[in-house]
Structures are given as structure tokens and as C-alpha cells.
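> Sequence first, predicted coordinates after that:
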Amino acid sequence: MQKIQSNFIRTKLQNKNKIIQLLGIPFTALLSIIFGLLVISFPIGIYVVFESDIGDDIHYDYPLTHLDIFNQTDFYQSSFGVSLGDVFVILWVFYLVIFVIAILGPKQHFLKSISSLISMGKYDAKLNYMFAMTKWLSILILISAIINFIQESFGIVTVPPLGGNSLIQFFYVSLAPLLEEFVFRIILVGIPLFALYSARTSIRYFVKCLWSPSSLNMFDSKKAILLIIFVGILFGFSHIAFSDSWSEGKFAQATAGGIILGWVYLRYGIVASLLIHWATNYFIFAYAHFISQINYVPLEIAFANPLMSSLEWIFLFSGILGTCILILNKFYLKKSLV
């Protein structure tokens, strides 16, 4: 009897693998395309900042201390000698290093993760940051699009902040992922999780857990989930709280995004969550500004360009397939435990 039951479970798992393998072929193809687009965005960003006329009357040598973020401080308009372009290059190199880390680790490289899904219908997103990042980036964009569709059907329109100088805005968009992930993930999620679940107090273990909270022994994840939801709501509110922020329609999208980023940080670490945030900011605006500059059209019109629409559909299809694979894994996991 036990042998028959064991064979039955094995058959069900094989069927699950075949279905996931079937879905995995188009899914991994889309993830590969997304990966290629992410790689191309690096030189596009350099072109936008250093070779285009995105800033109109200002350029990459614009003094950093002249930015509004230093207003009402002693640094404002001081002769610090650091330009916007200097800091952008530092950010660019930092994201590139994190990107390479994501390709290679933490346990296997990106191509091996993709090939195992195609050949065996099995995958473990924890084995590679880039696989987890591209999958959850697609799901985040899918959920964001669904929220936007529902809100617009009720007459709720999401209006971006009033536009300033495009070069400065692109710089802020590139800087925001690093600052926001440090505050909303490492400070507001990582440190409380360490306080809740860690029985050790060494500095090395503390840093390891901030880098990847999955290193903690979370015997009960309910507190962690509640914390992620709470911080996600704070993240959403931060996008509409100020006079120069997004309109109220952004709250639901940003909250959903904050919860997903928190979940990704919990399961895969800061590398994956940071790169997802970077992609929703730098990656998207790099392509939009590139289209705007080469076609001599405003940024708003560039977002309606067929290339941007194609990018959106790639992410939406990838998000749908990724969600289906997630659901199938959960469904068959529950069945195997019954």
C-alpha cells in the first residue's frame, strides 16, 4: 500500500515537472530577453547623462551642491568640487557590481538556473539572485499594471510629480533605489527581523543577516510578514506624503511594490530587492529618456513609443507565466503533503 502511494506521489510530481517545464520554455525565453535589456540599459544610461542634451541648459558637470536636496544646509552651492556626473558614475559602477554579483550567485550562475527549469522543470530561485530578480520584477510590474487598470476604471488617475530638469530628475531616479532600499529594507525590515529572530549578537552574523535575512532561523514567519506589510504601507505613503510627490493614485501601486520588495528581501536578500527597485527606476527611465532624446520628443510622448509598449508587454507576459509557475508549485506542494 505504501509503495502504491509512493508511486502515485512520484507520478504527480513528474506531471508537475512536465507542466512547469512546458511553461518554463517561454518563461525563460522572456527572462533572457529581460536580462539582455537590463544589460543594454547600462550603456544607455551613460549616453543619456554624458552624451545627450537631456539637461538642456545644464550638463553632467553641474555642481552636486547646487541640487535642491542640499537646500537649507551648509553644503548648498558650496565649492565642494563634486559634480552630478561624478556621483552618477559612482552609482553606475555600484549597480554594475551588484548586477554582476546577481548573475554569478549566490550558489549558481544565471544560465544554469534557466537551463534547469527548461531541462528538468525544476528551479530554486534562491540559488541565483538574477533569476529571482527578473522573475519578481515581472510579477511586480504585472501587479502594478492590474492595480493601475482597476484604479483607472474607477476614475483614479496616477499623476507623477511636477517635472523639473530632466537630467536632475534622472539622477534622483538613479539614486532613489539605493537610499530607499537602505531605509525601507535594511533599516526598517532587516534590523527588526534580527532583533526578533536572532539568538546571536556577533557583528559578522548581524551583517550577514542584513545582507540576507533568510540566514535567520525564522521558526514563526507571521511577525516577519506583518512587518513587511507594515513597512510596505509606509513605503506607499512616502510616495504621496509630500507636496511635490505623486498623486494619491500612486499609494496602492507603491504599497504593493513595497510589500513585494520586502518579501524578496526576506527570501533572497538585498541584492535582489535592490536590483528590482533599480530596474523600476533607472532601467525604465533610461530607455524612456533615450527614446526622447533620439526622437526629439517630450518624455511623456516617449513613454507611449512602441518600444516602451513592447517592453511593458514582455514584462506582463513574463509576470503571468511566473505567477502560474508559482501557483503550480504551491498547489503540488500542498498535494504532496496531503
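Alright, I've got the coordinates. Numbers count the residues shown, from 1 in each chain.

> contacts for stretch 308-328?
Contacts of stretch 308-328 with the rest of the structure, by CB atoms under 8 Å, 6 or more residues apart in numbering, involve 16, 19-20, 23-24, 26-27, 30-31, 33-34, 37, 134-143, 145, 284, 287-288, 291, 302. Glycine gets a C-beta too; all of them are placed from N, C-alpha and C.

> can you do 7 Å?
If you take CB atoms under 7 Å, 6 or more residues apart in numbering as the criterion, stretch 308-328 is touched by 16, 19-20, 23, 26-27, 30-31, 33-34, 37, 135, 138-139, 141-142, 145, 287-288, 291, 302.

> Just the buried residues of the residues you listed.
The neighbour count (16 or more other CB atoms under 10 Å) marks 16, 20, 23, 27, 30-31, 34, 37, 135, 138-139, 141-142, 287-288, 291, 302 as buried among the contacts of stretch 308-328.

> now Phe285, nearest residue through space, not along the chain?
Counting by CB to CB, 6 or more residues apart in numbering, the nearest residue to Phe285 once its immediate chain neighbours are dropped is Val173, at 5.0 Å.

> Next, the one you found: secondary structure please.
Local secondary structure at Val173 is given as helix here, using DSSP: H, G, I helix; E, B strand; the rest coil.

> Okay, it and Leu127: tell me how far apart.
For Val173, the distance to Leu127 equals 31 Å [CB to CB, to the nearest Å].

> now swap in Ser78 and tell me
As for Ser78, its distance to Leu127 is 48 Å (criterion: CB to CB).

> same deal with His239?
In terms of CB to CB, His239 sits 33 Å off from Leu127.

> How about Ile187?
The gap separating Ile187 from Leu127 is 28 Å, by CB to CB.

> Pick out whichever of the two has more residues nearby.
In this view Ile187 and Leu127 are compared by other CB atoms under 10 Å, and Leu127 has more residues nearby, 18 against 13.

> list the contacts for that one?
When contacts are counted by CB under 7 Å, 6+ apart, Leu127 touches Lys107, Gln108, Ser113.

> Neighbour-wise, which one of those leads?
Neighbour counts for the contacts of Leu127, by other CB under 10 Å, peak at Ser113, which reaches 24 neighbours.

> before we move on, which element is it in?
According to DSSP states H and E, Ser113 maps onto helix 110-120.

> Who are the contact partners of Ile156?
Taking CB under 7 Å, 6+ apart as the contact definition, Ile156 lies against Gly249.
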